[in-house]
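1. generate coordinates for the sequence data below:
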Amino acid sequence: MREPTMVVGADSNAAAAAVGGADGSPLPPPTSSPPQSLVERLKDYGQEHVFALWDELSPDERLHLVKDIQSLDLSRIDRIIRCSLRSQGLPVAAIEPVPESCVSSVEERTMEERERWWKMGLKAISEGKLAVLLLSGGQGTRLGSSDPKGCFNIGLPSGKSLFQLQAERILCVQRLAAQAKNEGSVTIHWYVMTSPFTDDATRKFFESHKYFGLEADQVTFFQQGTQPCISKDGRYVMETPFKVAKSPDGNGGVYTALKSSRLLEDMAARGIKYVDCYGVDNALVRVADPTFLGYFIDKGVAAAAKVVKKAYPQEKVGVFVRRGKGGPLTVVEYSELDSSLASAVNQQTGRLRFCWSNVCLHMFTLDFLSQVADGLEKDGIYHLAEKKVPSIHGYTMGLKLEQFVFDAFPYAPSTALFEVITSPFYFLLQLITICSSPPPF
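-> Numbers count the residues shown, from 1 in each chain. Predicted coordinates:
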């Protein structure tokens with residue numbers, strides 16, 4: 001098992017905090033008053049309330065609080081909070097349907113194209129140019145489990161977990177690529193993003209299952225970051241009198257995490273050119289799909305996504321759109337799509353004008369991933385999710401700062417979509433528990 005060179009995230013310099021603050025400064029001994037320099041810095045950002053209960057804390061709790069605050073990149077977090085709050089309610093560019101030229105639909109795809117893309121994909125895989133990137137930071141709370149989602153047994157007779165199903169698909173594609181190459185073996189490197197809440201359990205699960213037949217050194221774990229939970233006026237929510245409430249920064253935190261942990265450099269050193277990115281809770285995902293990879297290479301784009309045609313106008317799924325006249329492709333959530341637009345039909349094709357559902361199955365070039373990390377960091381805009389967060393006064397409504405994996409698409413100079421049929425490609429585990437009746441697939 002290969003380890004990243006460093007741990008990432010807004011509060012992930014906990015190792016540094018054990019010996020000092022995020023800036024390398026030594027931690028002071030517990031005193032009758034909080035460190036003045038830290039108080040002044042917090043005042044600069046309107047967060048001095050974190051020391052409001054200092055007088056009631058024990059010496060150990062005071063030290064814990066100082067460590068917790070010093071582990072935060074205060075200036076970066078302040079910029080993120082201000083940019084994110086400021087962006088709320090701002091007018092956005094009008095949306096247009098995705099041009100037909102950007103989509104390979106099932107009905108228009110020929111057998112010759114599929115065979116050509118399959119061979120192109122297998123060739124690239126056999127040359128070691130593809131890595132697989134798994135977004136696995138979530139817990140299975142909706143599934144009635146506190147374990148990582150990937151550990152979940154979906155009820156197959158075999159009892160296989162999601163992690164095992166996906167690992168076995170990687171093994172299968174490796175064999176197919178080796179056969180096509182007709183010499184030696186092929187290895188697909190698997191990068192697994194966890195969170196502070198799932199990392200230890202995920203690693204132990206892989207170890208106890210002997211990496212499901214994969215080599216330990218072809219799997220690299222790394223953690224996504226966390227961000228403080230905030231109130232509507234941007235102030236940190238305190239989980240306890242000596243701890244700031246924090247939550248994972250969303251699956252879009254993968255871009256910053258890859259860069260901060262130097263894994264983009266690791267990929268480049270391995271000769272990787274393309275990255276297949278997907279979410280852990282898709283039970284039927286075709287990991288390292290050669291046809292999709294071949295299509296991606298053939299189109300010569302920076303980003304691509306598998307999409308599913310919407311089943312009906314008001315289906316609660318995000319869809320791909322073009323943002324602004326001639327602008328980039330991006331994803332809008334169903335709640336952002338006016339009902340009249342959601343129901344509008346393209347008279348030439350007979351399809352809904354906004355019909356291509358996002359199912360979190362993406363392909364990126366390695367060069368583009370580096371650009372995305374820089375762009376997202378520069379803009380500093382996170383989605384503000386209003387959710388219950390733990391606080392001194394029990395669970396309270398607050399804001400979680402999150403980025404989504406599809407936030408990358410507006411930065412892409414070119415994007416292509418690849419339609420897949422729903423049943424063999426996409427089944428989200430949440431449907432098991434949140435649907436009172438079978439989904440209309």
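2. ok, the residue most central in space within the chain - contacts?
-> Most central in the chain under Cα atoms, centre = their mean is N251, positioned 2.0 Å from the mean C-alpha point. For N251, the contact set (Cβ atoms under 8 Å, 6 or more residues apart in numbering) comprises 135, 137-138, 193, 224, 279, 360, 403-405. Where C-beta positions appear, they are placed from N, C-alpha and C, glycine not excepted.
3. from H362, how far off is it?
-> Taking Cβ to Cβ, to the nearest Å as the measure, N251 falls 11 Å from H362.
4. how about the helices in the stretch 251-400 of the chain?
-> 254-260, 263-269, 290-299, 339-343, 366-379 (DSSP state H, counting those that start in this stretch).
5. neighbours around E61, how many?
-> Counted with other Cβ atoms under 10 Å, residues neighbouring E61 total 17.
6. ramachandran coordinates for it?
-> Main-chain dihedrals, E61, degrees, to the nearest 10: phi -70, psi -40.
7. doesn't K67 make contact with it?
-> No - judged on Cβ atoms under 8 Å, E61 makes no contact with K67 at a distance of 10.6 Å.
8. return the set of buried residues in stretch 403-416.
-> Using 16 or more other Cβ atoms under 10 Å as the test for burial, stretch 403-416 gives 403-412, 415-416.
9. now tabulate the residues you listed in JSON lines and tack on secondary structure and distance to K309.
-> Output for the buried residues of stretch 403-416, formatted as JSON lines (DSSP: H, G, I helix; E, B strand; the rest coil; distance: Cβ to Cβ, whole Å):
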{"residue": "Q403", "secondary structure": "coil", "distance to K309": "27"}
{"residue": "F404", "secondary structure": "coil", "distance to K309": "21"}
{"residue": "V405", "secondary structure": "helix", "distance to K309": "21"}
{"residue": "F406", "secondary structure": "helix", "distance to K309": "18"}
{"residue": "D407", "secondary structure": "helix", "distance to K309": "23"}
{"residue": "A408", "secondary structure": "helix", "distance to K309": "23"}
{"residue": "F409", "secondary structure": "helix", "distance to K309": "19"}
{"residue": "P410", "secondary structure": "helix", "distance to K309": "23"}
{"residue": "Y411", "secondary structure": "helix", "distance to K309": "26"}
{"residue": "A412", "secondary structure": "coil", "distance to K309": "22"}
{"residue": "T415", "secondary structure": "strand", "distance to K309": "18"}
{"residue": "A416", "secondary structure": "strand", "distance to K309": "16"}
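10. could you dump those residues to JSON lines with pLDDT and distance to H49?
-> Shown next, in JSON lines, are the buried residues of stretch 403-416 (pLDDT from 0 to 100; distance: Cβ to Cβ, whole Å):
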{"residue": "Q403", "pLDDT": "95", "distance to H49": "26"}
{"residue": "F404", "pLDDT": "95", "distance to H49": "30"}
{"residue": "V405", "pLDDT": "96", "distance to H49": "33"}
{"residue": "F406", "pLDDT": "96", "distance to H49": "35"}
{"residue": "D407", "pLDDT": "95", "distance to H49": "30"}
{"residue": "A408", "pLDDT": "96", "distance to H49": "35"}
{"residue": "F409", "pLDDT": "97", "distance to H49": "38"}
{"residue": "P410", "pLDDT": "95", "distance to H49": "35"}
{"residue": "Y411", "pLDDT": "96", "distance to H49": "36"}
{"residue": "A412", "pLDDT": "97", "distance to H49": "41"}
{"residue": "T415", "pLDDT": "98", "distance to H49": "43"}
{"residue": "A416", "pLDDT": "98", "distance to H49": "48"}
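11. which of these sits closest to R323?
-> Closest approach between these and R323, by Cβ to Cβ: P410, at 6.6 Å.
12. let me know whether that closest one touches P328 as I believe.
-> Yes - here P410 reaches P328: they are 4.8 Å apart, a contact under Cβ under 8 Å.
13. if we can go back for a sec, identify the contacts common to N251 and H362.
-> With Cβ under 8 Å, 6+ apart, N251 and H362 have common neighbours V405.
14. what about Q371, how many residues nearby?
-> 17.
15. okay, it: pLDDT?
-> Model confidence at Q371, given as pLDDT, is 93.
16. and it, how far from Y45?
-> Taking Cβ to Cβ, one finds Q371 at 29 Å from Y45.
17. before we move on, the earlier item: so which of the helices of the stretch 251-400 of the chain is the most packed in?
-> Per residue and on average, the most neighbours among the helices of the stretch 251-400 of the chain fall to helix 254-260, with a mean of 24 (mean count of other Cβ atoms under 10 Å).
18. who are the packing partners of that one?
-> strand 189-194, strand 219-223, helix 366-379 (3 or more Cβ pairs under 8 Å, 6 or more residues apart in numbering; DSSP states H and E).
19. those: which one's closest to S146?
-> Among these, strand 189-194 sits nearest to S146 (Cβ to Cβ), with 14.2 Å.
20. sorry, back to before: tell me the pLDDT of the residue nearest to the centre of the chain.
-> 94.
21. could you list the buried residues of stretch 326-333?
-> So, applying 16+ other Cβ under 10 Å, buried residues of stretch 326-333: 328-332.
22. and it, C-alpha only, in CSV?
-> Provided in CSV are the C-alpha atoms of stretch 326-333 (Å, rounded to 0.1, in the frame of the first residue of the first chain):
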residue,chain,number,x,y,z
GLY,A,326,-21.2,29.4,-26.1
GLY,A,327,-20.0,28.9,-22.5
PRO,A,328,-18.7,25.8,-20.9
LEU,A,329,-20.7,22.7,-19.9
THR,A,330,-21.7,22.5,-16.3
VAL,A,331,-24.2,20.8,-14.0
VAL,A,332,-27.2,22.4,-12.5
GLU,A,333,-29.2,20.7,-9.7
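23. show me the contact partners of it.
-> 93, 95-96, 98, 102, 318-323, 358, 404, 406, 409-413, 415, 417.
24. and for the helix or strand where I77 lies, what's in contact with it?
-> Using DSSP states H and E, I77 sits within helix 74-87. By Cβ under 8 Å, 6+ apart, the residues outside helix 74-87 that reach it are 10, 41-42, 45, 47, 227-228, 230, 234, 379-384, 401.
25. please repeat the previous calculation with a cut-off of 6 Å.
-> 41, 45, 234, 380-382, 384 (Cβ atoms under 6 Å, 6 or more residues apart in numbering).
26. out of the residues you listed, name the ones that lie in strands.
-> In strands, judged by DSSP state E, the following of these are found: L384.
27. with distance to S260 added, can I get the contacts of helix 74-87 in TSV?
-> Shown next, in TSV, are these (distance: Cβ to Cβ, whole Å):
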residue	distance to S260
R41	22
Y45	22
G234	24
G380	15
I381	18
Y382	16
L384	23
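28. neighbour-wise, which one of the contacts of helix 74-87 leads?
-> Compared across those, Y382 has the highest neighbour count, 25 neighbours, by other Cβ under 10 Å.
29. any idea which helix is longest in this protein?
-> Criterion DSSP state H: the longest helix present in the chain is helix 162-181.
30. that one versus strand 219-223: what angle between them?
-> Using axes from the mean of the first three to the mean of the last three Cα atoms, to 10 degrees, the direction of helix 162-181 lies 140 degrees away from that of strand 219-223.
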